[in-house]
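[1] from the sequence below, what's the structure:
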Amino acid sequence: MRIFFKSFIQQEVSTERFIQIPDEVREIYIRMPRPALLFRAKKLKEFLKTPAEIYYKYEGISLARVASRVTPRWPRPTST
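    The predicted structure is shown next:
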């Protein structure tokens, strides 16, 4: 029983700086509905003292969804 694909293992042990994303994977990402944004973890990078670029994906509440539901703190003018 294989747990990992050969290509995954090759990426893990590769010494190349950048690894080309296979076209099949790119096609899947293009079809996905709005993937979550990636954010750089600058403070973690500094803390670890590493030259690696570290990213994380925030999967909490979408700010776009929240912004449309926020009620203003001032009263709205009423029409008479």
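[2] I'd like to know how far residue 22 sits from residue 60.
    30 Å (CB to CB, to the nearest Å). Every C-beta, even on glycine, is put in place using the N, C-alpha and C of the backbone.
[3] so between those two, which is more surrounded?
    More crowded of residue 22 and residue 60, by other CB atoms under 10 Å: residue 22, with 10 against 7.
[4] my guess is the more buried one contacts residue 5, does it?
    No: contact between residue 22 and residue 5 fails when scored by CB atoms under 8 Å: they sit 10.8 Å apart.
[5] please, which helix or strand holds residue 28?
    For residue 28, the host element (DSSP states H and E) is helix 23-31.
[6] give me the helices and strands touching that helix, please.
    The helices and strands touching helix 23-31, judged by 3 or more CB pairs under 8 Å, 6 or more residues apart in numbering; DSSP states H and E, number zero.
[7] quick one: contacts of the helix or strand following that helix?
    Going down the chain from helix 23-31, the next helix or strand is strand 38-40, by DSSP H and E. Contact partners of strand 38-40, identified using CB atoms under 8 Å, 6 or more residues apart in numbering, comprise 53, 54, 55, 56, 57, 58.
[8] the residues you listed: which two are farthest apart?
    53 and 58 (16.7 Å; CB to CB).
[9] the helices in this structure, which residues?
    6-13, 23-31, 42-48, 63-67 (DSSP state H).
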